[in-house]
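Novice: Give me the fold of what follows.
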Amino acid sequence: MGRVRSVLVAVVAVPAILVTPTRGDASSTQPDFWTRSDVRATANQYTGFFGVNDRGDAVGFVSNGPAYGLIRYGNGTTVTLSNPSWSGSQLTDVNASAVAVGYAILADNQMHPMIYDHGATSVVDTLVGVAYGINDNGATALTAFDYATSVSRAWVRNADGALHELGDGGNLTTEAVGISNSGWVVGATQASGSAPGLPARWTPSGALQGMDLPAGYDQAVPLRVNDNGDSAGIALDTAASRVAAVRWNGTHATVLESGLAALAYDINNQGLVAGGMASVDGKLHGALWQGSKLTYIDEYTTTPTKEDHFLYALSNDGHAAGDNFVQTGASVYQPHNGLFLHVKIPALGIDRSVGVDESLVRARVELTAFAEGKPLGYLHVAASVRNKQAFVDATPPAQP
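Specialist: Prediction:
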């Protein structure tokens, strides 16, 4: 008994054990850690989430040939939007009331903007196009397509169903993608059929404003906008096949990351940006940018995925959603504030991430150390959430 204790205490006493309390910065706009829940696709299916709200309601699609809109409510209930008269559908965004938008493919084999409200579906059959974004007031950002002329037009649909075409500023095409609660709309414009798509936003009063195109890139589009008028999106360098994750503060562009897989998809009111990045390990990781600081969300998730994954949506309180590419599943990340511990003892094969919610003043986490398949001892991690501290002690295994 004493020998086992001495072995384990010796391990605790040397730098071979790492118990690292991370985050806990009171000024941070990023949650301290996340817990992840998945919607796994069955064989020959693919799922993805493109919108999420503060309640954890997430929307996207499921596909096993034709794709159909999918909404997973925060309580775990999942609804698939299938309709005998449709040949497909997809949901792209959801507001605080769990009203979702996207498109439905009708009998004319065209996409039409669609609004889904707790079982009630409204389709804008007068427009061919997609509803890309919805705000908490029920206003929707739409892009309508005219395939005969290759022209698209930006619209806003109010909660009462009234449609308003946004000003084009003399451009041939306009696209509306994101809309904030304060009425900012972002998207792109194109001066002519051969011209590149340029980033644009419309003020709450409807005035069209041009936005910076990052140096070295020939096209860009902001995809989501927050209540401050700041937005996130992507820029393309078509000649070099480069893509960049971009944040716009107002109309000023900042490249967050660039490469073959550097994408920004959403921004919340705290200025946190979500997207995806290829890491040095060769995998794709859900990414968050707080200012210029890059964080991979799986580094702060209690059950990190080892699969390629991206984040496509981010709510104001830090809920995130996206998909992974190996298991063809979709994921929702629930935010927590408190203390996140990374416990690593290479000699004992322990490498665990532990999240302690701020509702607990102190918590103890027990990890079992094994040697040659036999219990060697227990490592106890005591976390003081109030003081953002971690304490470690070791005890031997109980005698039978």
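Novice: in this structure, which spans are helices?
Specialist: Using DSSP state H, the helices found in the chain span residues 2-13.
Novice: lowest-confidence helix or strand of it?
Specialist: helix 2-13 (a mean of 27; mean pLDDT, DSSP states H and E).
Novice: Look up phi and psi at the closest residue in space to His118 that isn't next to it in sequence.
Specialist: With CB to CB, 6 or more residues apart in numbering as the criterion, His118 has its nearest non-adjacent residue at 6.6 Å, and that residue is Ala98. Any C-beta I mention is one placed from the backbone N, CA and C, and that applies to glycine too. Note on Ala98: its backbone torsions stand at phi 70, psi 30 [degrees, to the nearest 10].
Novice: From what I see, Ala98 and Tyr73 are in contact.
Specialist: Yes - at 6.7 Å, Ala98 counts as touching Tyr73 under the criterion of CB atoms under 8 Å.
Novice: what is in contact with those two at once?
Specialist: Residues touching both Ala98 and Tyr73 comprise 55, 57, with contact defined as CB atoms under 8 Å, 6 or more residues apart in numbering.
Novice: which regions of the chain lie under the pLDDT threshold?
Specialist: In the predicted model of the chain, residues 1-28, 41-44, 260, 280, 325-328, 341-354, 356-400 satisfy pLDDT under 70.
Novice: redo that, cut-off 80
Specialist: Low-confidence segments of the chain (pLDDT under 80): 1-29, 40-45, 64-66, 193-195, 259-261, 279-282, 302-307, 324-328, 338-400.
Novice: so what are the domain limits for it?
Specialist: Using automatic domain parsing, the domains assigned to the chain come out as 2-22+361-395, 36-336.
Novice: Buried deepest among the ones you listed, which one?
Specialist: Burial of these is given as mean neighbour count (mean count of other CB atoms under 10 Å); domain 36-336 ranks first at a mean of 19.
Novice: quick one: contacts for the residue lying closest to Leu263 once chain neighbours are set aside?
Specialist: Closest residue in space to Leu263, ignoring its immediate chain neighbours: Gly275 at 4.6 Å, by CB to CB, 6+ apart. Gly275 makes contact with 232, 245, 262-266, 286-287, 289, 310-312, according to CB under 8 Å, 6+ apart.
Novice: Please apply the same query to Gly69.
Specialist: Here Gly69 is in contact with 59-61, 80-81, 89-91, 100, 102, 104, 114, 116 (CB under 8 Å, 6+ apart).
Novice: Please report how far it lies from Ser89.
Specialist: Look at Gly69 and Ser89: by CB to CB, to the nearest Å, they are 4 Å apart.
Novice: what do those two both touch?
Specialist: 61, 81, 102, 104, 114.
Novice: I figured the last one hits Ile134, correct?
Specialist: No - at 11.1 Å, Met114 does not count as touching Ile134 under the criterion of CB under 8 Å.
Novice: ok, back up a step: any figure for the gap between the residue nearest to His118 and Val123?
Specialist: According to CB to CB, Ala98 stands 19 Å off from Val123.
Novice: Now do the same contact list for Cys210.
Specialist: In this structure residue 210 is Gly, not Cys. Taking CB under 8 Å, 6+ apart as the definition, contacts of Gly210 comprise 169, 189, 198-200, 251.
Novice: rerun that using 10 Å as the cut-off
Specialist: Counting by CB atoms under 10 Å, 6 or more residues apart in numbering, Gly210 touches 169, 171, 189, 198-201, 251.
Novice: Can you name the residues bridging to it?
Specialist: For Gly210, the beta-bridge partners are Ala200 (DSSP bridges).
Novice: roughly how far apart are it and Gly119?
Specialist: Distance, Gly210 to Gly119, by CB to CB: 41 Å.
Novice: repeat for Ala235
Specialist: 39 Å.
Novice: swap in Ala188?
Specialist: 34 Å.
Novice: same thing with Pro304?
Specialist: Per CB to CB, Pro304 is found 35 Å from Gly119.
Novice: swap in Glu257?
Specialist: The value you get for Glu257 to Gly119, if CB to CB is used, is 40 Å.
Novice: residue contacts, Gln46?
Specialist: Check again: residue 46 is Tyr, not Gln. 61-64, 67, 323, 325, 328-330.
Novice: on that earlier part again, ok, now which ones touch the residue nearest to His118?
Specialist: Taking CB under 10 Å, 6+ apart, we find Ala98 in contact with 53, 55, 57, 59, 71, 73-74, 116-118.
Novice: Which one of the residues you listed is nearest to Ser241?
Specialist: Val59 (30.8 Å; CB to CB).
Novice: Does that closest one touch Arg72 like I think?
Specialist: Yes - shown here, Val59 and Arg72 form a contact pair, counting by CB atoms under 10 Å, at 7.7 Å.
Novice: Identify the contacts common to those two.
Specialist: Joint contacts of Val59 and Arg72 (CB under 10 Å, 6+ apart) are 49, 52, 79, 321, 330.
Novice: Chain neighbours aside, what residue packs nearest to Tyr300?
Specialist: Using CB to CB, 6+ apart, the nearest residue to Tyr300 is Phe33, at 4.7 Å.
Novice: Straight-line length of stretch 303-317, end to end?
Specialist: Start-to-end span of stretch 303-317 (CA to CA, to the nearest Å) is 20 Å.
Novice: And for stretch 192-200?
Specialist: Stretch 192-200 has its terminal residues 15 Å apart, counting by CA to CA.
Novice: again, but for stretch 247-261
Specialist: Using CA to CA, the end-to-end distance of stretch 247-261 comes out at 16 Å.
Novice: Numbering from 50 from now on, please.
Specialist: Got it, the first residue is 50 from now on, which makes the last one we talked about stretch 296-310.
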